[in-house]
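Q: this one's sequence-less:
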Ligand SMILES: NC(=O)c1ccc[n+]([C@@H]2O[C@H](COP(=O)([O-])OP(=O)(O)OC[C@H]3O[C@@H](n4cnc5c(N)ncnc54)[C@H](O)[C@@H]3O)[C@@H](O)[C@H]2O)c1
Ligand SMILES: O=C(O)[C@H](O)COP(=O)(O)O
């Protein structure tokens, strides 16, 4: 193994915003980290194809166009909570993982909310500016106390709940609206949950928003809602611009209906000074900050380290802890699954290459059973295996720069391609006649049955056409070593690695010599050769499935070929061979079929 990776092979990370160095140093030892602040959207589009990871905060707009322009991007990491600046749906389609730091800046955002509330209540920004202006205007800046007042919180999530606890400490009564919040958690924090805006808007002295910006929260506080608030109430937004209608808020301040507003976030950042948001910023009773909720040393250290660790995990092929668009899986489970992920991808790839190359083969058998037997069957979260199967099935027929299939987009891709997979678990020993502790079997069902959604276990067996069309591949892992143990009707034993030629032939003397000479003429060296005999009948029990009620159809091969002296010859070769070579092999007497696969 080379000591140094050539520069061009080192994964590249683009950081177009200010991220604390604590996280970046974690990346710098193994990755090429490019800090490029102040990129225009066009510049970002132009350079993104070169990068494997993109690290952003809230300023960079990671649009569908940016994601589509990316050629090798594996991860978009958001050093913070809100991912509304990332087109997560597009990333999912493209198989790009989006991660965030869901808890690194909660305390900072909650403290900033309280700081703004106190500043607004005591008119601190105006008093400060007046004093700096050389004035001494004590009677002009008489404030209100928060103790004994009612705080209304919309969104009792991580930030909202922290704000609630801090406000309770200040002696406030806290009412909250969050249809998805746990009543038990709210009760524990002494927060009264309400069920509608109308129920609490007329009574709150301070209203604070802590929801994400999503369809149901966009414009949630508009003219009608502000009108329901009691005269002299105050409002805060440290969540996202767009949850509160800026025009309606400006009007409520100008009319004197609201006593004050504290705003950290805007629909467009920075706000245009001539826009409504700009006028809001300039209003004397608005306390405003330039999106500073997460801007503390502690929070920035947290989020930077959090997302950089996740980027490292993803680039080395593991799963991150806070993926926004990938299923959650425990690291120890993922670790255990790793060899099987490789195995299942090989099963899928072998399936496509072997059966698509067989005479009469095609990709129309698009309904599969993936059967886990033995120890592997005890793992319930098999999403990485499902994803590996889809990747394996499609990679041999996708263009090199085609879709990057992974745990993020596998389900979507399978749906789009009309591939159905039913995963089955059997805790029975993997194979009674062998010592395998785990066995994974891939069974394809023929197209005539593919449209039917009847129980797969019966269909696989009784519906499979006879003879060459038994499409079954089994494999196992021993440590990191993978082994194919069954290929169609044959009991195999070969490692699914490198270039292989798979020949089905009558097991008669001289076959090896003939094959060797054809390959020799093509300048191909044979690294190893193994012969797989016809397997004894494969029963439902072998697959860990329930037999048919009458037991009459409970074998796959039914021994129909046991009278023929057939075998499978697997040759490990040193290069990919042209189609001509396998066609020449298949023309030889006694060779029934030959195909080349690369695994
Ligand atoms: N200003 C900043 O710098 C800053 C810093 C951190 C977080 N934030 C923002 O604060 C927001 C909240 O962050 P969080 O970490 O608490 O998120 P969270 O996911 O933990 O909480 C959001 C809560 O909103 C609730 N919610 C969703 N839709 C709702 C609706 N229609 N009505 C009422 N409640 C609804 C959810 O049930 C959830 O409890 C996010 O938008 C985040 O981006 C801003
Ligand atoms: O959603 C968040 O985490 C905050 O809005 C912080 O945004 P920032 O990283 O741009 O400060």
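A: Looks like it arrived, so ask away. Since this is a predicted model, take the numbers as computed values, not measurements. Ligands and ions are numbered 1, 2, ... in the order given.
Q: Tell me who's in contact with residue 232.
A: By Cβ atoms under 8 Å, 6 or more residues apart in numbering, residue 232 lies in contact with 258, 259. No exception for glycine: its C-beta is placed from N, CA and C like everyone else's.
Q: Need the three-state assignment for it.
A: Following DSSP: H, G, I helix; E, B strand; the rest coil, residue 232 is assigned to coil.
Q: backbone phi and psi for residue 371, please?
A: Main-chain torsions, residue 371, degrees, to the nearest 10: phi -110, psi 120.
Q: Let me see the ranges of the strands in the stretch 251-400 of the chain.
A: 260-263, 286-288, 367-374 (DSSP state E, counting those that start in this stretch).
Q: got those as CSV, with mean neighbour count, distance to ligand 1 and mean pLDDT columns?
A: What follows is the strands of the stretch 251-400 of the chain, written out as CSV (neighbours: other Cβ atoms under 10 Å; distance: least, Cβ to the nearest ligand atom, whole Å; pLDDT from 0 to 100):
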stretch, mean neighbour count, distance to ligand 1, mean pLDDT
strand 260-263, 25, 10, 98
strand 286-288, 21, 12, 98
strand 367-374, 24, 34, 94
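Q: Would you format these as JSON lines with distance to residue 120 included?
A: As requested, these are exported to JSON lines (distance: least, Cβ to Cβ, whole Å):
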{"stretch": "strand 260-263", "distance to residue 120": "4"}
{"stretch": "strand 286-288", "distance to residue 120": "5"}
{"stretch": "strand 367-374", "distance to residue 120": "58"}
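Q: Now do the same contact list for the closest residue to ligand 2 within the stretch 151-300 of the chain.
A: When distances are taken as Cβ to the nearest ligand atom, the stretch 151-300 of the chain reaches nearest to ligand 2 at residue 294, 3.6 Å away. Residues in contact with residue 294 (Cβ under 8 Å, 6+ apart) are 80, 81, 105, 108, 109, 300, 303.
Q: lowest-pLDDT helix or strand in this protein?
A: Lowest on mean pLDDT, DSSP states H and E among the helices and strands of the chain sits helix 456-462, with a mean of 29.
Q: right, and the helix or strand after that one?
A: strand 472-478 (DSSP states H and E).
Q: Phi and psi next, for the residue of the stretch 151-300 of the chain closest to ligand 2.
A: phi -100, psi 10.
Q: if we can go back for a sec, same for ligand 1: which of the contacts of residue 294 are within range?
A: Near ligand 1, judged by Cβ under 6 Å from any ligand atom, the entries from those are 81, 105, 109.
Q: residues from this protein in reach of ligand 2?
A: Applying Cβ under 6 Å from any ligand atom, we find that the chain lies next to ligand 2 at 57, 58, 79, 80, 81, 82, 105, 291, 293, 294, 295.
Q: nearest to residue 354, of those residues?
A: Top of the list for closeness to residue 354, among these and by Cβ to Cβ, is residue 79 at 45.5 Å.
Q: Surely that closest one is in contact with residue 56?
A: Yes. Contact criterion Cβ atoms under 8 Å: residue 79 and residue 56 qualify, at 7.1 Å.
Q: If you count surrounding residues, which of the two has more?
A: Taking other Cβ atoms under 10 Å, residue 79 and residue 56 do not tie; residue 79 has more neighbours (29 against 23).
Q: what's the neighbour count on the nearest residue to the more buried one once chain neighbours are set aside?
A: The shortest distance from residue 79 to any residue other than its chain neighbours is 4.3 Å, reached at residue 303 (Cβ to Cβ, 6 or more residues apart in numbering). Applying other Cβ under 10 Å, we find 28 residues neighbouring residue 303.
Q: for residue 303, what are its contacts?
A: Neighbours of residue 303 in contact, by Cβ under 8 Å, 6+ apart: 20, 23, 79, 80, 101, 104, 105, 294.
Q: can you list the domain ranges for the protein.
A: Here the domain parsing of the chain from automatic domain parsing is 12-104+298-315, 106-288, 331-496+536-558.
Q: got TSV for these, with distance to residue 565 too?
A: Shown next, in TSV, are those (distance: least, Cβ to Cβ, whole Å):
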stretch	distance to residue 565
domain 12-104+298-315	46
domain 106-288	66
domain 331-496+536-558	13
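Q: ranking those by mean pLDDT, which is last?
A: Sorting those by mean pLDDT places domain 331-496+536-558 lowest, at a mean of 75.
Q: and the residue nearest to residue 598 when sequence neighbours are not counted, how many neighbours?
A: Excluding the flanking residues, the one nearest residue 598 by Cβ to Cβ, 6+ apart is residue 499, at 5.3 Å. Neighbour count of residue 499, defined by other Cβ under 10 Å: 17.
Q: can you pull the contacts of residue 499?
A: 572, 573, 574, 575, 576, 577, 596, 597, 598.
Q: Quickly list what residue 567 is bridged to.
A: With DSSP bridges as the criterion, the beta-bridge partners of residue 567 are residue 505, residue 533.
Q: Leaving out the residues flanking it, which one is nearest to the residue of the stretch 151-300 of the chain found nearest ligand 1?
A: In the stretch 151-300 of the chain, no residue comes nearer to ligand 1 than residue 157, which is 1.7 Å away by Cβ to the nearest ligand atom. Among residues not flanking residue 157 along the chain, residue 210 sits closest, at 6.3 Å (Cβ to Cβ, 6+ apart).
Q: Just confirm the one you found contacts residue 160, I think it does.
A: Yes. Under the criterion of Cβ under 8 Å, residue 210 makes contact with residue 160 at 3.6 Å.
Q: Spell out which residues are contacts of both of these two.
A: 153, 154.
Q: Just want the most central residue of this structure.
A: residue 326 (2.4 Å; Cα atoms, centre = their mean).
Q: Grab the nearest non-local neighbour of that one.
A: Nearest residue to residue 326, sequence neighbours excluded (Cβ to Cβ, 6+ apart): residue 408, at 4.7 Å.
Q: can you pull the contacts of that neighbour?
A: So residue 408 contacts 91, 92, 95, 96, 97, 323, 325, 326 (Cβ under 8 Å, 6+ apart).
Q: Just say helix, strand or coil for it.
A: coil.
Q: burial of residue 137, as a residue count?
A: Neighbours of residue 137 under the rule other Cβ under 10 Å: 11.
Q: thinking again about what came up before, same list, the contacts of residue 303, but as CSV with secondary structure and distance to residue 128 please.
A: Listed next are the contacts of residue 303 as CSV, based on DSSP: H, G, I helix; E, B strand; the rest coil; distance: Cβ to Cβ, whole Å:
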residue, secondary structure, distance to residue 128
20, coil, 28
23, helix, 34
79, coil, 31
80, coil, 28
101, coil, 32
104, coil, 30
105, coil, 25
294, coil, 23
